[in-house]
Each structure stands twice: as C-alpha cells, then as structure tokens.
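Chemist: Below: sequence and its predicted model.
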Amino acid sequence: MSKGRILVVEDDFDISNMLRIYFTGQGYDVQVAPRGGDALMLTRKQLPQLIVLDIMLPDMNGFDVCRELRTTTRTSHIPIIFLTQKDERADKIAGLELGADDYVTKPFDIEELKLRVKNQIDRAEREQSTDAASGLPSSGLIEEKLRALITESKTWSYMDVKIANGDPFKEVYGFVAWNEVLRFTSLLMGEIIDNHGTPDDFLGHPGNDNFVIITYSEKAKELQQALLDKFNEDVQQHYSFIDRERGHMLRENKEVPLMTLSVGSVSNSTHHFADIREITERAAEDRRSGGAEDFEEIETSW
C-alpha cells in the first residue's frame, strides 16, 4: 500500500528525477511538475497528500503557486515543503506567511527531507485533516467547513454521497482494490467539480464509502446527475470481465449488484439550518429516500 501521494514541483530535471526515484523506492506515489502551471493543473486532477515546491520556477515562482493553492478551497489543506537555493530568512518568512508548512535549503540531505515529508503526512492524518486512501479532507476539515456554512450568505448545496455495495466488493476483491475505488471516486469527483462546479467548491471524505460535496454552483442538479452517471458507468472498470459481462458479482452463490453511487442534497436556498447536524442528517435522509424530493425543491427555487 502506498505511503501517500507526493507532487514534486521542480524544473531541474536531475533533482526532480532523483526525488521521484528515491521517494518511489520509499513506497510513495510520486508525480513531477516542471512548471508552476503544471503543478496547479495536476493538483486539480488529483489531490496530493504533500507538495515539495521549488521557489524558482520558469513560469511563476513558488510563492505564487503556494498562494493559489492556499486560497483555493479544495487545495488549501495540502502540506507544502518549500525548496530554496539559499538559506534566506526573507524567503522563509515569505513562505511561512503564505502558509508553507516547512522549508528545506538546497543542497539538502535526502534523509532529512524524507523525515520532513513523513512527518507532515503523518501530522495531517493525526489531525484528521486528510484521508489516507483518497487524499481528500476528512472529519476535522469537513466539520470546520460545515460550521462556516451556517453563516454563509451565498447559496450553497451540501451533498451526501455514498458508494452502494462497496462492502461486498471489498470482501471479494480485497482492500487494495477497494482503495483504488476510493482514489477513483476522489478523482472523478474532482473532475465533475471542474466541469460543473466553482473554484470554491469543497470535497471531503469522512471515511469508508461516504463522501461529501459542498458546491456554490447554480447547476447543482446537473453536477449531481453528471456524478451519478459517470460513476455508475466508469466504476465497472474495477470489476473482472466476467462480473462486468453478467452485471453482478457472485458472493456465497448469491448475486450481488455492482457498485453504484447514491446522493442526497440540501440547500440553504430552501431551508434555514441552525446547526451542522441538521445539515448532515437532512442530506442523509434525502439520500436514503432517493434524493428526488429535495432536488425538485432546489430546482424550483433557482
């Protein structure tokens, strides 16, 4: 099992290749971006659990990349370790003011960097800020976001998202395959948000088969339907050819349906919420009832 996803943002090929080879050998999934713009694009596609970020880049400096990540809701929680050519106090202060989590000066000791990377990922998981499998914000950050929703003046929709038939899949295919499904779901949700949502939208993973979406899009219905359609179609790639062809799994000689997604939603355009429990409970109830009733209310109100 991977120890986590790392994005290395470094235009020096020798350094980036060395870091890729070393951390891959340590059990991490590693992506490399030679430019700041590439880093922002890759981060939108799949959230890394940590970013190693060089300050000097050919298209934009690391400070600008950090600022963009910190001011975008979906990426604001990702730990960032800056790489710099020299031990400049001004650079360190500037980076820390932007929200960088750590600093390493070139030339660096690779063993020291390994410990710093491990410590930052472990800290994020200890503080329940990210889920190890999906890389998405987990319980602590979700609760923080929900508390902020209570006082939001903008129109928002909260979606309770659940993978149906995930437990039998896990029993038949195993935990490694299940973790791949969680990563796939995380990627898919990010893609749908990019196409139908807004830059301020939030994705979270409370745990196991449950996810949350908070969107400020006026097209929440289209977003929800696109998510359902895309998941129910693409999740079949995680099954064997035989299971895909017959349209179900066999478990203890009984037919088990393939995984699908169910979604329930609530919006402050139709309800006033006094606390976060009311938000989550109403959305869960809407999901269990099929999601249609609240959808009609939201669509009418818009």
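Modeler: On my side now, so go ahead. Residues are numbered from 1 along each chain as shown.
Chemist: Who are the packing partners of the longest helix along the chain?
Modeler: Across the chain, the longest stretch assigned as helix under DSSP state H is helix 175-196. Judged by 3 or more CB pairs under 8 Å, 6 or more residues apart in numbering; DSSP states H and E, helix 175-196 is in contact with helix 36-45, strand 157-164, helix 166-173, strand 202-207, strand 210-215, helix 220-234. Where C-beta positions appear, they are placed from N, C-alpha and C, glycine not excepted.
Chemist: can you put those in TSV and add mean neighbour count and mean pLDDT?
Modeler: Shown next, in TSV, are these (neighbours: other CB atoms under 10 Å; pLDDT from 0 to 100):
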stretch	mean neighbour count	mean pLDDT
helix 36-45	18	91
strand 157-164	22	95
helix 166-173	17	91
strand 202-207	22	91
strand 210-215	22	96
helix 220-234	18	94
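Chemist: Ok, which of the ones you listed comes nearest L57?
Modeler: helix 36-45 (4.7 Å; CB to CB).
Chemist: Give me the contacts around the closest one.
Modeler: 7, 9, 31, 33, 48, 51, 53, 57, 59-62, 64-65, 68-69, 74-75, 78, 187, 190-191, 194 (CB atoms under 8 Å, 6 or more residues apart in numbering).
Chemist: next structured bit after it?
Modeler: Once the chain leaves helix 36-45, the next helix or strand it forms, by DSSP states H and E, is strand 50-54.
Chemist: Paired strands for that next one, with orientation please.
Modeler: Counting by DSSP bridges, the strands paired with strand 50-54 are strand 5-9 (parallel), strand 80-84 (parallel).
Chemist: Quick one: residues contacting M249.
Modeler: P168, F169, V172, Y239, D243, E255, V256, P257, L258.
Chemist: Let me fix that, I meant to ask about R244.
Modeler: Q236, L258.
Chemist: So it belongs to a helix, correct?
Modeler: Yes: assigned with DSSP: H, G, I helix; E, B strand; the rest coil, R244 falls within a helix.
Chemist: Phi first, then psi, for the closest residue in space to N268 that isn't next to it in sequence.
Modeler: Using CB to CB, 6 or more residues apart in numbering and skipping residues adjacent in sequence, the residue nearest N268 is W156, 5.8 Å away. The phi/psi pair for W156 (degrees, to the nearest 10) reads phi -140, psi 160.
Chemist: Excluding covalently adjacent residues, which one is nearest to I193?
Modeler: D201 (4.9 Å).
Chemist: And the one you found, how close does it get to L83?
Modeler: 30 Å (CB to CB, to the nearest Å).
Chemist: Also E112?
Modeler: As judged by CB to CB, E112 and L83 stand 12 Å apart.
Chemist: So between the two, which is more surrounded?
Modeler: Set E112 next to L83 and count neighbours by other CB atoms under 10 Å: L83 wins out with 22 against 10.
Chemist: Pretty sure I6 sits against F23.
Modeler: Yes: if you go by CB atoms under 8 Å, I6 and F23 touch, sitting 5.6 Å apart.
Chemist: Give the intersection of the neighbour lists for those two.
Modeler: With CB under 8 Å, 6+ apart as the test, I6 and F23 both reach V30, V117.
Chemist: Show me how the record splits the chain into domains.
Modeler: 5-126, 139-301 (automatic domain parsing).
Chemist: Output these as CSV; include the columns distance to A133.
Modeler: CSV is the format used below for those (distance: least, CB to CB, whole Å):
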stretch, distance to A133
domain 5-126, 10
domain 139-301, 4
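Chemist: Ok, which of the ones you listed comes nearest A132?
Modeler: domain 5-126 (5.8 Å).
Chemist: Would you mind measuring the gap between the ends of that closest one?
Modeler: Across domain 5-126, the terminal residues are separated by 17 Å (CA to CA, to the nearest Å).
Chemist: picking up where we left off before, need the contact list for the residue nearest to I193.
Modeler: Counting by CB under 8 Å, 6+ apart, D201 has contacts T73, R74, I193, I213, I214, T215, Y216, S217.
Chemist: just to revisit the earlier point, of the strands paired with strand 50-54, which approaches D209 most closely?
Modeler: Ranking the strands paired with strand 50-54 by proximity to D209 (CB to CB) places strand 5-9 first, at 20.5 Å.
Chemist: which residues are contacting that closest one?
Modeler: Contacts of strand 5-9 (CB under 8 Å, 6+ apart): 16, 19-20, 23, 28-34, 36, 38-39, 42-43, 46-54, 57, 62, 65, 117, 135.
Chemist: let's see 6 Å
Modeler: 16, 19, 23, 28-33, 39, 48-54, 135 (CB atoms under 6 Å, 6 or more residues apart in numbering).
Chemist: Ok, stretch 189-198 next?
Modeler: D201, L203, T215, Y216, S217, K219, E222, L223, A226, L227.
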